[in-house]
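**Q** Here is a sequence with its predicted model. Questions after.
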Amino acid sequence: MKHQDPLFDYISSARLPTRWGQFTIHGFVEKHSGQEHVALSYGQWQEDDVVPIRIHSECLTGDALFSTRCDCGAQLEKALQNIVEQGKGVLLYLRQEGRGIGLLNKIRAYHLQDKGMDTVEANEHLGFDADLRDYSICGYMLDCLKVSKVNLMTNNPRKIQALRDLGIEVVARTPIDHGITDDNRIYIRTKTQKLGHEFDPHLLK
Ligand SMILES: Nc1nc2c(ncn2[C@@H]2O[C@H](COP(=O)(O)OP(=O)(O)OP(=O)(O)O)[C@@H](O)[C@H]2O)c(=O)[nH]1
Ligand SMILES: [Zn+2]
């Protein structure tokens, strides 16, 4: 499993039973920052197989605290369910909270949104770009897991481009449009208008 890399390290793997089935959790670290990330794998594949994957950006409020302010929690559940239904797959859980600005800055951004700004304006008001995420560790993680061709569950074209730039073949994209509620419809509309996310327009009416 371990590959030598100047930037990233693989640490260890363990069984991870979940509501949907038994995954294996793999731990990784970015050497320069000490930032920790995990991958969940399910089932088996040959090196040439197209593997269903999801790149999920950490969202403590949505993933762990049941917030419906965004669609993250529902997407996370749906991704794990999809992987088990397809018999194989990988979820890369990246610790890039708040599109890379961190949890407390995201709460600052939420506060500004409560006062009327949209998600992009709030980031910019705080002095950040709209999206600061770095996907470079995905190439290393997928390499360790012997995945080179993927069907990516996302609505975000930047993730497709990031994987292609890392030499991963994105053979297909599966939309993941679960978790749209009255609490987050405007937020998701902003993502389509300002960040390039692709959603079926009927879902956003
Ligand atoms: N800065 C900031 N980050 C947010 C906000 N709402 C959600 N996030 C973060 O956004 C990230 C998820 O990104 P999204 O734009 O919802 O979706 P995506 O990952 O780009 O795309 P999908 O693959 O389609 O889900 C998580 O890290 C969340 O913590 C917000 O209002 N401001
Ligand atoms: Zn979220």
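**A** On my side now, so go ahead. Ligands and ions are numbered 1, 2, ... in the order given.
**Q** and the residue of the chain most remote from its centre, what is it in contact with?
**A** Largest separation from the mean C-alpha position in the chain: residue 115, at 27.5 Å (C-alpha atoms, centre = their mean). If you count contacts by C-beta atoms under 8 Å, 6 or more residues apart in numbering, residue 115 has none. For every residue, glycine as well, the C-beta is placed using N, CA and C.
**Q** can you give me phi and psi for it?
**A** Here is the backbone geometry of residue 115 (degrees, to the nearest 10): phi -90, psi 0.
**Q** just for the protein, where's the confidence low?
**A** Within the chain, the set of residues satisfying pLDDT under 70 comprises 2.
**Q** Quick check: longest helix in it by residues?
**A** Identified as the longest helix of the chain according to DSSP state H is helix 72-86.
**Q** Pull the distance from the helix or strand following that one to the chain's centre.
**A** Next along the chain after helix 72-86, taking DSSP states H and E as the criterion, comes strand 89-94. Put simply, strand 89-94 sits 7 Å off its chain's centre (C-alpha atoms, centre = their mean, to the nearest Å).
**Q** for strand 89-94, packing partners?
**A** strand 36-42, strand 50-57, helix 72-86, helix 137-144 (3 or more C-beta pairs under 8 Å, 6 or more residues apart in numbering; DSSP states H and E).
**Q** mind redoing it with 6 Å?
**A** Helices and strands touching strand 89-94, by 3 or more C-beta pairs under 6 Å, 6 or more residues apart in numbering; DSSP states H and E, are strand 36-42, strand 50-57.
**Q** Tabulate those strands in CSV, adding columns for mean neighbour count and distance to ligand 2.
**A** Listed next are these as CSV, based on neighbours: other C-beta atoms under 10 Å; distance: least, C-beta to the ion, whole Å:
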stretch, mean neighbour count, distance to ligand 2
strand 36-42, 20, 17
strand 50-57, 24, 8
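**Q** contacting residues around stretch 14-30?
**A** Outside stretch 14-30, the residues within contact range by C-beta atoms under 6 Å, 6 or more residues apart in numbering are 9-13, 36-42, 80-81, 84, 141.
**Q** farthest-separated two in the residues you listed?
**A** Greatest spatial distance in the contacts of stretch 14-30: 9 and 81, 30.3 Å, computed using C-beta to C-beta.
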